[in-house]
Structures are given as C-alpha cells and as structure tokens.
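Student: Provide a 3D model corresponding to the input given below.
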Amino acid sequence: AYTVQLAALYLLGCKAALVNDCYSVTQANQFIKNLIDVTDNVKLLLEHTELIQSVAKYLTGATDAFFIGRGLDYTLSLEGALKLKEISYIHAEAYAAGELKHGTIALISEGTPVVALATQTKVYSKVISNIREVKARGAYVILLSCDESITDSSICNLHIPLPKTDDLFTVFESAVVLQLIAYYTSANKGLDVDKPRNLAKSVTVE
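Tutor: Predicted structure coming up:
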C-alpha cells in the first residue's frame, strides 16, 4: 500500500511538472521509464533476502532501534521506524542524520541498532560522517546504500546493497527493505504480523 501510494504521488508530480513546463516530454518519458524499471529492482531484492533476515535476527533481541538519513532517506527512515514499532513492538525512532548532535546521539550505547540510509549522492559523504559518529559510540550499524560493497569495514556491521538507480527512485527499494526488516523481526518474535496489537484498519471516531 505504501509503495503504491508513493508511485501515485510520483506520477502526479510528473504530470504537474509536464503541465507547468518544468519537464519536457522527453524528461517525462524518462521519468516514467525510471519508475517502471524500479519494479525489476524490487523483484531482485525480494529474491535475495538473506542479509535482510540477518538484520532481523539482530533486531529480535533489541529493545530500541534508531533510523537515520538525510533528505529523501530521512523520510524513508520515518517509514522504517513506524513499521518496526507497529508489528514488532520494538521502540523505534527516526532522526535526521544531520541533527544527531542535538541530543539524539546521547541515546546511542554499546550494541544499539542503527539503520542508516545513504542513497542520495549529494549528501552521501555527510551521512557516512554521521554513521562514523554513532559507530564510534558503539552502535551496531546496518547500512543501506547503492554501493556494491563497502571497502571500509569500520563504517558498518552489516551492509545491504541496493540496485543502482536514479537517486529520486531509491525510495522504492529502501521502502521494501525496511518493511521486510520489520516483517522478519516480527516473525522471529513469534508475533502475528497481520494483526498488530492496538491498531485499527480505519479510524471512525475522533
């Protein structure tokens, strides 16, 4: 449901850009092509979930988890934290990576799981710097990025490589990975993933 809504918003945005002459027809066609190509990348992720399940095994025994990112990655961090707390009942919060020093980093202790998203080229180096900060304080870092591999093993404990795509479209891949992390964590705890406690499908009263 989340990714379908996201795709619908992307299509509306593309149409608006075309109508307002922000996009040429060629640019709009390329946008649509990139959006369609994302489906193949998602299928690839769904075929190889071993690393995601490894993350879930670690999270199963955690009491807290933090998600960090910048820009679009921060918005996905919010989704990742929401899904984890909804179905695994682990306290999870998302923070803008650039604001860690304003109090948030005080919450990091030895072994604290931190899921870090670094898929946006313009802020990649800054996110890596933020990751080093939490790693230096003992965090167990799970990194999502479009790197095929990480040469500096000191950056993270686990790396989940995402298929390469335009920065604007990595959100679809990240969303699937984050939701699967929550799913496998909940399943590992023996919880009913389809019936989260205290949640309603629709709210009919104020």
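Student: Could you check how far stretch 47-63 is from the centre of its chain?
Tutor: A distance of 14 Å separates the centroid of the chain from that of stretch 47-63, by CA atoms, centre = their mean, to the nearest Å.
Student: And the contacts of that stretch?
Tutor: With contact meaning CB atoms under 8 Å, 6 or more residues apart in numbering, stretch 47-63 is reached by 65, 84, 88, 90-91, 112-113, 115, 140, 142, 158-160, 177, 180-181, 183-185, 187-189. Where you see a C-beta, it was placed from the backbone N, CA and C, and this is true even at glycine.
Student: The nearest residue to L35 once chain neighbours are set aside and L178: what is the separation?
Tutor: Nearest non-adjacent residue to L35, counting by CB to CB, 6 or more residues apart in numbering: Y10, 5.9 Å away. Per CB to CB, to the nearest Å, Y10 is found 18 Å from L178.
Student: With T165 instead?
Tutor: Distance from T165 to L178, by CB to CB: 16 Å.
Student: Please say which of the two ends up with more neighbours.
Tutor: Ranked by neighbour count (other CB atoms under 10 Å), T165 and L178 place L178 first, with 27 against 19.
Student: pLDDT score for G111?
Tutor: Here, the pLDDT recorded for G111 equals 92.
Student: List the residues that contact it.
Tutor: Taking CB under 8 Å, 6+ apart as the criterion, G111 is in contact with 138-140.
Student: next one: L44
Tutor: Contacts of L44 (CB under 8 Å, 6+ apart): P163.
Student: Out of the contacts of G111, which comes closest to L18?
Tutor: Checking these against L18 by CB to CB gives A139 as the nearest, at 43.4 Å.
Student: wait, what's in contact with that closest one?
Tutor: 66, 108, 111-114.
Student: Mind doing that once more with 7 Å?
Tutor: Contacts for A139 (CB atoms under 7 Å, 6 or more residues apart in numbering) come out as 108, 112, 114.
Student: State the mean pLDDT of the lengthiest helix in the chain.
Tutor: Using DSSP state H to define each element, the chain has its longest helix at helix 25-47. Mean per-residue pLDDT for helix 25-47: 92.
Student: now stretch 126-136
Tutor: Per-region confidence: stretch 126-136 scores 94 on mean pLDDT.
Student: And for that stretch, what's in contact with it?
Tutor: Residues contacting stretch 126-136 (CB under 7 Å, 6+ apart): 68-70, 97-98, 100, 105, 108, 114, 116, 118, 141, 143, 154-156.
Student: For PyMOL, write the select line for the buried members of those.
Tutor: This is how PyMOL selects the buried members of these, with burial counted by 16 or more other CB atoms under 10 Å:
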select buried, resi 68+69+70+97+98+100+105+108+114+116+118+141+143+155+156
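Student: if we can go back for a sec, tell me which of the contacts of stretch 47-63 fall in helices.
Tutor: 84, 88, 177, 180-181, 183-185, 187-188.
Student: can I get those in CSV with distance to Q27 and neighbour count?
Tutor: Formatted as CSV, these follow (distance: CB to CB, whole Å; neighbours: other CB atoms under 10 Å):
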residue, distance to Q27, neighbour count
L84, 36, 29
S88, 41, 26
V177, 28, 23
L180, 32, 19
I181, 34, 29
Y183, 36, 19
Y184, 38, 21
T185, 40, 29
A187, 42, 16
N188, 44, 16
